[in-house]
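> predicted model and sequence follow; I will ask about them next.
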Amino acid sequence: MRAMFRRENRLGLFVLIPFAAFVFLFLVYPTLVVLWKAITPHGAMGTSALVKALSGTYRTGFIQSIALSGWSALIGGIIGLMLALVIKSLKRPKWLHPSLDSWSAVASQLGGVGLAFAFIALIGTQGILTKVFNNLGINLADYGITAVGFWGQVTVYLYFQIPLMFLVMMPAVMGLKNSWREAAAIMGASPARYWWSVGIPLLTPSTLGGMLLLFINAFTAYATVYVLNPSGALVPLQIRFLLQGNVITGEEDLAYAIVAWVILLLLTGLGLITVMQRRTLRWSSQ
Amino acid sequence: MISESRFRPTAILKWVFLIAVGLYFFLPMAAMARFGFQSVPTALLTPEKLFTGWSISGLTTAITDPRMVAGMRTSLALVVLAILLNLALLVPLAIVTEVRSPRLRPYLTALTLLPWVIPPIALVVGVSATFRATVPWFLASVFSLVPFYALWAMPFTYRALDAGLQAINARTLYEASRSMGASFWTIIFKVLLPNMRASMIAASTLTAAMVLGEFAFASLLLKNTLPTEMVIYQAKNPRGGLAFAIFIMVLTAVSIGLVVRSLRRQGISFNATGI
Amino acid sequence: MRKSLLMVPVLLSAALVASCSSSGTASDAASSLKSAAASAVAGAQSAAAGAASTAASAAASAAGSAVATGAVCGDTVDQIAAKAKEEGNVNLIALPDTWANYAGILKSFRDTYGLEAPVATPDASSADELTAIKTLAGQPDKPDSIDIGPSFVEQAKSEGAIEPYKTTNWAEIPDNLKDPAGNWVGAYYGIMSIASNSTLVKNPPKTWADLKKPEYKGQVTLNGDPRQAGAAFAAVVAASLANGGSYDDLMPGIQYFADLKKSGNLQVIDVTPAAMVSGDVPIALDWTYNFPGVVSQMKDAGFDLNVTIPTDGLYGSYYAQSVVKDAVHPCAARLWLEHITGDEGALGYLAGGAIPARYAALDAAGKITADMKKSLPSADLISKITFPTAAQTEAMKKQLTDNWGPMVADA
C-alpha cells in the first residue's frame, strides 16, 4: 500500500515539475524581468517611476480602466448569468443550447478593430440603426445610444463579456439540480424562497468569481478601445503610447511601472477569485 | 410533477429576454456584414438603393490574397500545436490533481489564470529580454507563439478538464480500478482518458477559437498570423477585410457547432464538460 | 538552474557555428559581446549570453563587417545592384501599401532589381521597428532598413541600431532632410492636410480657423492619439503654428484641440480607412500622402474626397530611413535607399501625394509634370516648409505628454 502511494507521489512530482518549469520560463521569469525594470528606473533602484505611474493622467487612466472593466464585468456578469439560467430552463427548441455554446466560444474571443467597427456600423454617426431611427424622427444619440463615450465602450465590451460569463457559469448553473427545486416545492417553499435559500447561495461564489474573471479580461484589452477612442484615458492605451508608439521615446521605465501596478491589481483580483473558489469547493461533494 | 402552467408568464419573459440578447449579438454583425457586402454607405442609403451594390467580390478577393492565405496556414498550424502542447501540459496535471489532491484545485485554477493577469505587452517585453540574450532563434520563429497560446488557453482548458474529471468521479473510478488490480497506466489509458474525450474536445475547440482570434501577442512579437493579416488587409481594403472577418467568425462558429453536435450525438453534453 | 542547462546545447551549437565561420573579427566579437551584455537582464548571465550571441551572430556579421562601408558595395547604383543581387534579398519593415504609395515604390523596386523585398508587419510603429532590430538580432529576417519617425532617430543612434550611409545623390538632398554624418535620410515628407468627405460636408473647411466653425460639429477627426501617432502629433504642431505657437511652444496647439473638444467639433474615434469609407469620418486630419490610397474606395462608395492644405498653419514632416547596423543584406539595404531617394522612388512618392527629398533637383531637370504638381501644394508653399530640430521636437513632446491628457483627452 505504502509503496503504491510513494510511486504516485513521484508521479505527481514528475507531472508538476515540467509544468511549473514551463510556467516559470514563459510567464513568471519574464514578468519578474519587467517588475525589476519597474523598480530600477534609469538603472538605479527607486520608486520614482512607480510613483509617477499613479499620478496625474495615469491616475485618471487607472480609474477609467477600473470603471470600464468594472461596469462591463458587472453588467456582463448579470446578463451572462441570466442567460445561463434561462437556457437551462428552456428545453425547447433543442438547437438553442448547443448554438449558444458554439456562439459563445467564438464571441468571447472577439475584439479589436472588427468588433469596434461593427458597433460603429450599427450605432455610430453613420450607423445603419441610427439612420433607420433618424427616418423615424428619433435621434439615438439623444438617448445615449452611440458607439463612443464611456457607455459606448461598455456596450461594445459586453459583446465578449456576456459570452464569457455564459461559458463560465453554465457548469455551475447546470449543477443546480431540478430535483432540489422540486423538493423545495414539495416542502412548501415558493420559487422565491427556493432562490433565496438554495439557489443564490449556491451560485454566488461562482458568479462573483466569474465577474472577477470578466474584470481581468477587460482590463488589459486595448485593440477595441483604440478604434473607438484612441485618446482615451485607459491604462492599456497609455502603456502603448509609452512603449509602442511613433511619438514618445525614452519613457519605458514609466511604462514598466504602470505594468507593475496593473499586475498587482489583477493579482489581487485573482486572489479574490481563489477565495471564492474555495467556498465553492465546500459545497461540492468532497 | 409541478404543473407547467404556473410558469407560463415567466416563459414569455424568458423569451423576451432571449430575443433581446439575440438582437444585441446579431445586429452589430449584420451591420458589419452589410458594410462588407454592400458598397453603398449608410449616408447615401435610400429605400430605392436598398438592394443595389451587393456583391461578395470583397470576400473572394480577400480569401485569395496571398498574405491572407499564408496567415490562414500559419494560424491553423498554431491552432494544432497550441492544442497539443496545452493538452500535454494540462491533462496529466488535471488527472494528478483530481486523483491525489483535490484540495489543490482552487490554487491550480488561480495558477492557470495567471497568464491573463499579465498584460501582453509586458509579457513580450520580459520575454524579449529573457530569450534574446540566450536563445535568439526562438523569438524569430513564428512558432514561438505556441507556448504563449498554450498558456493563454489554460484558464479554459483546465476548467474543462477538471470539470470533466469531476463529472466522471475520477477519484472513485481510480481507486475502484486500483482495488480491482489495474496498473497505473491501464487506468490512465483505458479508464480515465477515454472518459475525458469530451472535455478534451471541448477544451480544444476553445483553444482553437482563441488562437484564431488572438491579436495582441502576435502583433507585439511581429508575427504574421491570420488576425494580424486581417488587420493589415482591413487597412488596405476595409470593405473586403470586414466581409472576411464575418466569414471567419461564421466559419469558426459553424465548425464548433458541428463539434458540439457530434458530442451530443454521443450523449455527451458540452456543458457537463465544464465549459 | 534551468537556464544554465539550457546554455549547454546553445553553447555547443554556437561553438559549431563559430568554428564554421571564416573570420569572426575581434572587434565584432567585442562589440556584440558588449551589446549582448547591455541587453541581458541581470548581468549574471551576460558572460554565457555574450558568448552565445557572439557566436550566433558571427556568421552574419562576418559577412556584414566586411561590407560595412559603402565603398565595398559599389560607387554607382549599378554596382550596388549587382552586389545586392548576390545577396539575394532585402528585409523591409513597416511600409504599408497605402502609405505614400509604398505599394507602387515597392513594385518598381521589385521589378527593376528582381529582389523579392518582403515587408514584415506593415502596421508596425517606429518603436516596434527598433524592437524588431533588437529581437531579431542575428536572425536572417532582421530588418535591413527602417523607416522611422524623426523623434526616434536619436534612440536608434544610441541603441546602435543604424549605421551611416550617404547615397550617391547625397548632394542633391536638402540639408534639413539628411543627417550630416549620413545616419539617416528623409526620402519623403508630407504636409498636414484637412481631408473632407465633400459628399457629406457641403462646405469643406480650408483652414485651421475654419475647423472651429459650429457647422462642423462632431466631424473633425485625428488620426489616433498624438502621444502615439506621428500624424496626430503633427496635426497638433500645425494647429499650434496656426494659433501663434512655434516649434518651441506647443501649448497653443493643445489649447486649440481642447477648444475643439469642448465645442464638440472634435470627434473621438480613430481615422481608419473603414471609417472613412463608411462616412463616419467626415473630416480627417492627416498627411497628404495618406489619402490617395483611400480615394478609390471612397469613390466606389459614392463619396468624393477633398484634400486641402491649410495655409494658416503649415507643417510638414519627414520620416527617416536608415541602413540597419550589421544588416543581413547590407548592399541590398543600400540599394533600397538609393531607390527611394532616386528618381523612380521620388516619382513613386509623388504619385502617393508625398514630396520627395530631391524635389528641387527633379523639378530643375523637368521631370515633374504639371499633372503631378496639381496634387501638390504650390512651389512657394513648399519652400516655406521648415522642420523642427531634434531638441525642439523633444521639448514639444514633453509639453504634449504633460498636457494632452489633462487638457484634451480626459477633459
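Looks like it came in fine.

> in terms of helices and strands, where is residue C:261?
helix C:251-263 (DSSP states H and E).

> in three-state terms, label residue C:377 for me.
coil (DSSP: H, G, I helix; E, B strand; the rest coil).

> confidence score at it?
With respect to pLDDT, residue C:377 scores 74.

> is it true that it touches residue C:191?
Yes - the pair residue C:377 / residue C:191 is scored as a contact, 6.2 Å apart, by Cβ atoms under 8 Å. Placement of C-beta: from N, CA and C, glycine included.

> give me the common contacts of these two.
Here residue C:377 and residue C:191 have residue C:309 as joint contacts, going by Cβ atoms under 8 Å, 6 or more residues apart in numbering or on different chains.

> compare neighbour counts for these two and give me the winner.
residue C:191 (23 against 19; other Cβ atoms under 10 Å in any protein chain shown).

> so residue B:114 makes contact with residue A:269?
No - judged on Cβ under 8 Å, residue B:114 makes no contact with residue A:269 at a distance of 11.7 Å.

> how about the closest residue to residue A:106 other than its chain neighbours, secondary structure?
Once flanking residues are discounted, residue A:106 sits nearest to residue B:253: 4.5 Å by Cβ to Cβ, 6 or more residues apart in numbering or on different chains. Following three-state DSSP, the label given to residue B:253 is helix.

> nearest to chain B: which residue in the stretch 1-150 of chain A?
Closest to chain B within the stretch 1-150 of chain A is residue A:30: 2.7 Å, counting by Cβ to the nearest Cβ.

> work out for me the element that residue sits within.
helix A:29-39.

> may I have that helix exported as CSV, CA atoms only?
Taking C-alpha atoms only, helix A:29-39 is exported to CSV below (Å, rounded to 0.1, in the frame of the first residue of the first chain):
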residue,chain,number,x,y,z
TYR,A,29,10.5,34.9,-15.2
PRO,A,30,9.6,37.4,-18.0
THR,A,31,7.2,39.1,-15.5
LEU,A,32,9.9,39.3,-12.9
VAL,A,33,12.1,41.0,-15.5
VAL,A,34,9.5,43.6,-16.1
LEU,A,35,8.9,44.2,-12.4
TRP,A,36,12.7,44.5,-11.9
LYS,A,37,12.8,47.2,-14.6
ALA,A,38,9.9,48.9,-12.9
ILE,A,39,11.8,49.4,-9.7
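
> against which helices or strands is that helix packed?
Secondary-structure packing of helix A:29-39 (3 or more Cβ pairs under 8 Å, 6 or more residues apart in numbering or on different chains; DSSP states H and E): helix A:48-52, helix A:252-283, helix B:120-134.

> quick one, which of the ones you listed is packed in tightest?
Ranked by mean neighbour count, these are led by helix B:120-134 with a mean of 23 (mean count of other Cβ atoms under 10 Å in any protein chain shown).

> would you format the helices and strands packed on helix A:29-39 as a markdown table with mean pLDDT and distance to residue A:125 included?
Output for those, formatted as a markdown table (pLDDT from 0 to 100; distance: least, Cβ to Cβ, whole Å):
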| stretch | mean pLDDT | distance to residue A:125 |
| --- | --- | --- |
| helix A:48-52 | 83 | 37 |
| helix A:252-283 | 81 | 32 |
| helix B:120-134 | 77 | 31 |
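
> need those helices in JSON lines with distance to chain C, can you?
Shown next, in JSON lines, are those (distance: least, Cβ to the nearest Cβ, whole Å):
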{"stretch": "helix A:48-52", "distance to chain C": "11"}
{"stretch": "helix A:252-283", "distance to chain C": "9"}
{"stretch": "helix B:120-134", "distance to chain C": "4"}
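
> any chance of these in JSON lines with distance to residue B:263 as columns?
Formatted as JSON lines, those follow (distance: least, Cβ to Cβ, whole Å):
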{"stretch": "helix A:48-52", "distance to residue B:263": "49"}
{"stretch": "helix A:252-283", "distance to residue B:263": "25"}
{"stretch": "helix B:120-134", "distance to residue B:263": "32"}
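
> poorly predicted segments of chain A, please.
A:1-10, A:144, A:280-286 (pLDDT under 70).

> residues in contact with the spatially most central residue of it?
For chain A, the residue nearest the mean C-alpha position is residue A:214 (1.9 Å; Cα atoms, centre = their mean). Residue A:214 makes contact with A:69, A:72-73, A:76-77, A:80, A:161, A:164-165 under the criterion Cβ under 8 Å, 6+ apart.

> secondary structure element holding it?
Using DSSP H and E, the element containing residue A:214 is helix A:200-219.

> next structured bit after that helix?
By DSSP H and E, the next helix or strand past helix A:200-219 is helix A:223-228.

> output that next one as PDB, restricted to C-alpha atoms.
What follows is helix A:223-228, C-alpha atoms only, in PDB (Å, rounded to 0.1, in the frame of the first residue of the first chain):
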ATOM      1  CA  ALA A 223      -7.400  46.900 -29.600                       C
ATOM      2  CA  THR A 224     -11.100  47.600 -29.400                       C
ATOM      3  CA  VAL A 225     -10.900  50.800 -27.500                       C
ATOM      4  CA  TYR A 226      -8.200  52.200 -29.600                       C
ATOM      5  CA  VAL A 227     -10.500  52.400 -32.600                       C
ATOM      6  CA  LEU A 228     -13.400  53.900 -30.500                       C
END
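
> quick check: phi and psi on residue C:192?
Torsion angles at residue C:192 (phi, psi; degrees, to the nearest 10) stand at phi -70, psi 130.

> neighbours around residue B:157, how many?
By other Cβ under 10 Å, 30 other residues sit near residue B:157.

> ok, the residue in the stretch 101-250 of chain B positioned nearest to chain C - contacts?
Per Cβ to the nearest Cβ, residue B:238 is where the stretch 101-250 of chain B lies closest to chain C, at 3.5 Å. Contacts for residue B:238 (Cβ under 8 Å, 6+ apart) come out as B:35, C:272-274, C:276-278, C:297.

> swap in residue A:209?
A:168, A:273, A:276-277, A:280.

> apply 10 Å and report the result again.
Listed by Cβ atoms under 10 Å, 6 or more residues apart in numbering or on different chains, the contact partners of residue A:209 are A:77, A:168-169, A:172, A:272-277, A:279-280, B:106, B:109, B:113.
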